[in-house]
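J.: missing the sequence, but the structure's below:
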């Protein structure tokens, strides 16, 4: 004969108990169990603790879908990157994912392929699927999200927004400060003919880094020379061509500030291909401090972006927004100059002699 106590024990054949099962075991109503599991103050502390203990002993695991219906939260966020192959995006994503996981959130990752229309469609799809929040790295849409915010009703944080204009919430590196610091470093070494290889896409980051470069020249009373400015597309191949054009000048630059580390990689290749040496003939600098910067030949002087930390800050901002807190519009992160062996004082005789055609001097 089965006693009342035995009838209230969890059924050993119950693979995954439901809220109704917990209600039967606790001898309370279904809604009371739901409230207790959500720590609702309508349930007394003693009753809530008893229900949660019974649920734990029974092996109850809450359904994410059911919890979402009750709390109107999915415990998921979406992250949009320009490309999953981008080392910058990968490092930022690591910071986002770690922080999200620490707070019980899952992350959906999507690749926009640097296409503004695709980026916008992904964000709208995330919003329609009722994700709790969205982070976009190196956004090609930027301030155009502003009129959509009220319509979508989903908090959005941008990391290094690539187009000018105000945005409600963003995490940005100090581009002007970083570029000015690396140009000042070259000037302190004695360089006067300092070139700049930028990005032709019209990104805000390039505009600000170019401004930092010019500010350093102006502060040192070094005349700005238009012929020392070339543009690539932020990738190594185009930078190789841009650097090659600079090496066709009658008087060569003794140093070059590159928009990013991928640009610097192409510049290093071009200098070596023209029979010149870094930094003996030309000093080369980058921006980002990607994982390969310390492994180039020679190791690259660059500006470090704390990419992992920027991902953490973006997720922290999103968490605050999702909880209804008011946040500072844009968080500016301080860059750090990292000096390695790709920069040195110029030759005492000035700019290096233009290499003869076909030269392969090392």
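T.: Sure thing, it's come through. Here the structure is a predicted model, which is why all the values come from computation and not from measurement.
J.: which residue is the nearest non-sequential neighbour of the residue nearest the centre of the chain?
T.: The residue at the geometric middle of the chain, judged as the C-alpha nearest the mean C-alpha position with Cα atoms, centre = their mean, is residue 92 (3.7 Å). With Cβ to Cβ, 6 or more residues apart in numbering as the measure, residue 311 is the residue that lies nearest to residue 92, at 4.1 Å, once sequence neighbours are left out. Every C-beta, even on glycine, is put in place using the N, C-alpha and C of the backbone.
J.: you'd agree residue 170 is up against residue 156?
T.: No - contact status for residue 170 versus residue 156: not in contact, 9.3 Å apart, counting by Cβ atoms under 8 Å.
J.: which ones are touching residue 132?
T.: Contacts of residue 132 were listed using Cβ atoms under 8 Å, 6 or more residues apart in numbering, and they are 73, 74, 75, 76, 77, 105, 154, 155, 322.
J.: go on, residue 176?
T.: Residues in contact with residue 176, defined by Cβ under 8 Å, 6+ apart, are 208, 209, 211, 212, 215.
J.: ok, of these, which one's closest to residue 56?
T.: Distances from the contacts of residue 176 to residue 56 were compared by Cβ to Cβ; the smallest belongs to residue 208, at 53.2 Å.
J.: gap between the helix or strand harbouring residue 136 and the chain center?
T.: Secondary structure assigned from DSSP states H and E places residue 136 in strand 133-137. Strand 133-137 has its C-alpha centroid displaced from the chain centroid by 10 Å (Cα atoms, centre = their mean, to the nearest Å).
J.: now swap in stretch 35-55 and tell me
T.: On the basis of Cα atoms, centre = their mean, stretch 35-55 is displaced by 40 Å from the centre of the chain it belongs to.
J.: what do you get for stretch 199-210?
T.: For stretch 199-210, the distance between its averaged C-alpha position and the chain's averaged C-alpha position is 17 Å (Cα atoms, centre = their mean).
J.: which non-adjacent residue is nearest residue 91?
T.: The spatially closest residue to residue 91, leaving aside those adjacent along the chain, is residue 307, at 3.6 Å (Cβ to Cβ, 6+ apart).
J.: cheers, nothing more for now.
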